[in-house]
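**Student:** Dropping a prediction and its sequence here:
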Amino acid sequence: MAILNVLKAEHPTLRAKAKRVARVDASLERLIDDMVETMHATNGVGLAAPQVGVPLRLAVIQVPADYEEPHAGELFVLINPEIVKTTEPQDIDEGCLSLPGYAGTIQRAAKVTVKARDRNMKEYRLRAEGTLAQAVQHELDHLNGVLFYDHLAGPELLRRTQPAASQATEPTGDEPA
Ligand code: NI
């Protein structure tokens, strides 16, 4: 496995609409493993394939095991995901591995139901809430070329969360994804 380079905003791949995955072959298996390793190494709760330069509708998500919420610690591979149900939006703090050191308060649905395929291309439905619901929406945005700060009314609402020199992790509640 390998830790992949995470593209930074505004790389053009992060602004493109990703293509559907047709099948999971050996190279895609490797990509999934590398994305999981990269997500762990960067302390992210999620990572989308466009963030590592691959314009495919694929994301991995894992909410830290010590979070007291459903599915904490469970690893999800989402291939060709689609949100099929959402609740009302609410304010939530968010960051992104492609924009280290920044966070913003945006609106996300508190709960979503997502339909996706796993790494065996088996379809599943996931009812997500809390951090998992936020990560699902964040990663699906990445597949459509959307970055979290697009949801802000203006760029001045982006907050610095840490000095530019140390960008390994984010300290507040807004784990990057
Ligand atoms: Ni992100």
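**Tutor:** Happy to help now that I have it.

**Student:** So what's the residue count around residue 8?
**Tutor:** Look at residue 8: counted by other C-beta atoms under 10 Å, it has 13 neighbours. (C-beta placed from N, C-alpha, C; glycine too.)

**Student:** now do the one 3 residues further on
**Tutor:** Taking other C-beta under 10 Å as the criterion, the count of residues near residue 11 is 14.

**Student:** Show the backbone phi and psi for it.
**Tutor:** Note on residue 11: backbone dihedrals following degrees, to the nearest 10 are phi -60, psi 140.

**Student:** and it, what does it touch?
**Tutor:** Neighbouring residues of residue 11 by C-beta atoms under 8 Å, 6 or more residues apart in numbering: 53, 98.

**Student:** quick one: it and the ion, what's the gap?
**Tutor:** Going from residue 11 to the ion by C-beta to the ion, to the nearest Å gives 12 Å.

**Student:** how much space between that residue and residue 158?
**Tutor:** Here the criterion is C-beta to C-beta, to the nearest Å. By it, residue 11 lies 17 Å from residue 158.

**Student:** so what's residue 121 scoring on pLDDT?
**Tutor:** Residue 121 carries a pLDDT value of 98.

**Student:** Burial check on it, number of neighbours?
**Tutor:** Neighbour tally, residue 121, other C-beta under 10 Å: 12.

**Student:** quick one: contacts for it?
**Tutor:** 23-24, 79.

**Student:** host element of it?
**Tutor:** Of the helices and strands defined by DSSP states H and E, none includes residue 121.

**Student:** what's the answer for the one 3 residues further on, then?
**Tutor:** Secondary-structure element containing residue 124, defined by DSSP H and E: strand 123-129.

**Student:** For that strand, which outside residues touch it?
**Tutor:** By C-beta under 8 Å, 6+ apart, strand 123-129 touches 69-71, 76, 84, 110-118, 132, 135-136.

**Student:** cutoff 6 Å now
**Tutor:** Strand 123-129 is contacted by residues 111-115, 117-118, 136 when judged by C-beta atoms under 6 Å, 6 or more residues apart in numbering.

**Student:** just stretch 21-30 next, same as before
**Tutor:** Here stretch 21-30 has contacts from 56-58, 79-80, 119, 121, using C-beta under 6 Å, 6+ apart.
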